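Colleague: sequence plus predicted model, see below.
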Amino acid sequence: MNRKRLGVPAIFIGLLLISRVIGLSDEVKIGAHGGLSIPNLRGDENNVFTRGFASRQGLFFGLTADIGLASRFSLAVGLNYTSQGGLRTGMQPITMGLPPGLPIPPGTILYADFRNETVLDYVEIPVMARLTFGDKLRVFVEAGPYIGYLVRARALTQGTSSFYFDEAGNQPVDTDPPVFDLGADTNVKDSLKKTNIGLVGGGGLLCPFGPGDLILEAGFQLGLTTIQKNPETDGKSQTGAVVISLGYLLPLARHK
């Protein structure tokens, strides 16, 4: 099967397996959660295209289920919309939007001083083993794999700068005008793989509230997939994020 088409079928297969587990569970709780994603891109620090990214902030929200398998053990499953990506500022290579007619040889890498925010939005399904401790106010820890499908990828650039042949900014390109506006919103989805696989984990609190539970979570996402389609020319990066969310779980079913 073509690797480009693996994402959506894998998600459907995962949902079918989860529905089977729900049928065998002692108790099922469902709910929703939302909060803050603080992602970053981890790349090769020796590659000019992938190094130097810092964290940005984005949204995290979705549906969640707690599928009870034993008294203190359950399967935590989500269907989430998660913002990934990273932020890079300062001198960096220009990968898009060069004006035509520049006096440079083909294939030359040019640099400029600007702001580049890479925004990668995924639909993700995490499946985590969850251990819970306590009676009323409960503490839990959880960990497991996730699969994500890329739904949007943008490079938001801002700033004005001259162009340079070197990263240090010592060799300016002779252009007219000497400074260019680099502000743009560029779709970069076609240069990235659609599927992202990784690990997720964390912990939090479950607090009884009304007929269900308030759930406060803090955790991490660690992408294991190189997201570039052409790492030989674009470099290699993996996603990662810290996520903080607040949600609510309601009992759906109990089987005895």
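Modeller: Yep, that arrived.

Colleague: could you use CA atoms for every contact and neighbour count after this?
Modeller: Will do.

Colleague: how near is Ile94 to Leu110?
Modeller: 6 Å (Cα to Cα, to the nearest Å).

Colleague: ugh, wrong one, Pro99
Modeller: In terms of Cα to Cα, Pro99 sits 12 Å off from Leu110.

Colleague: next one: Glu142
Modeller: In terms of Cα to Cα, Glu142 sits 45 Å off from Leu110.

Colleague: hey, C-alpha coordinates of stretch 117-134 in CSV?
Modeller: Only the C-alpha atoms of stretch 117-134 are listed here, as CSV (Å, rounded to 0.1, in the frame of the first residue of the first chain):
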residue,chain,number,x,y,z
GLU,A,117,6.1,30.4,12.5
THR,A,118,5.4,26.9,11.2
VAL,A,119,1.8,25.9,12.1
LEU,A,120,1.0,22.2,11.7
ASP,A,121,-2.5,21.1,12.6
TYR,A,122,-3.2,17.3,13.1
VAL,A,123,-6.1,15.1,14.0
GLU,A,124,-4.7,12.6,16.4
ILE,A,125,-5.8,9.4,18.1
PRO,A,126,-3.9,8.6,21.3
VAL,A,127,-4.4,5.3,23.0
MET,A,128,-3.0,5.2,26.6
ALA,A,129,-2.8,2.8,29.5
ARG,A,130,-4.0,4.7,32.6
LEU,A,131,-3.4,3.9,36.2
THR,A,132,-5.5,5.7,38.8
PHE,A,133,-4.9,6.1,42.5
GLY,A,134,-7.2,7.4,45.3
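
Colleague: what is the rounded mean pLDDT of that stretch?
Modeller: Mean pLDDT, computed over stretch 117-134, is 96.

Colleague: sorry, back to before: look at Pro99 and Leu110 and report which has more neighbours.
Modeller: Leu110 (19 against 7; other Cα atoms under 10 Å).

Colleague: was I right about that one contacting Gly97?
Modeller: No - counting by Cα atoms under 8 Å, Leu110 does not reach Gly97; the two are 11.5 Å apart.

Colleague: now do Pro177, the pLDDT please.
Modeller: pLDDT at Pro177 comes out at 88.

Colleague: and it, what element?
Modeller: If you go by DSSP states H and E, Pro177 is not part of any helix or strand.

Colleague: right, and Thr186 touches Ala155 too?
Modeller: Yes - using Cα under 8 Å, Thr186 makes contact with Ala155 at a distance of 5.1 Å.

Colleague: neighbour-wise, which of these two wins?
Modeller: Ala155 (21 against 14).

Colleague: pLDDT weak spots in the stretch 1-150 of the chain?
Modeller: In the predicted model of the stretch 1-150 of the chain, residues 1-26 satisfy pLDDT under 70.

Colleague: 50 - rerun?
Modeller: Applying pLDDT under 50 to the stretch 1-150 of the chain flags the ranges 1-4.

Colleague: show me where it has its strands.
Modeller: 27-43, 58-68, 73-93, 111-133, 138-158 (DSSP state E, counting those that start in this stretch).

Colleague: distance to Pro172 added to these, as JSON lines?
Modeller: Below are those laid out as JSON lines (distance: least, Cα to Cα, whole Å):
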{"stretch": "strand 27-43", "distance to Pro172": "27"}
{"stretch": "strand 58-68", "distance to Pro172": "35"}
{"stretch": "strand 73-93", "distance to Pro172": "12"}
{"stretch": "strand 111-133", "distance to Pro172": "9"}
{"stretch": "strand 138-158", "distance to Pro172": "20"}
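
Colleague: please name the residues that touch Leu192.
Modeller: Counting by Cα atoms under 8 Å, 6 or more residues apart in numbering, Leu192 makes contact with 227-229.

Colleague: considering the residues you listed, which possesses the most neighbours?
Modeller: For the contacts of Leu192, neighbours tallied by other Cα under 10 Å; top is Ile227, 22 neighbours.
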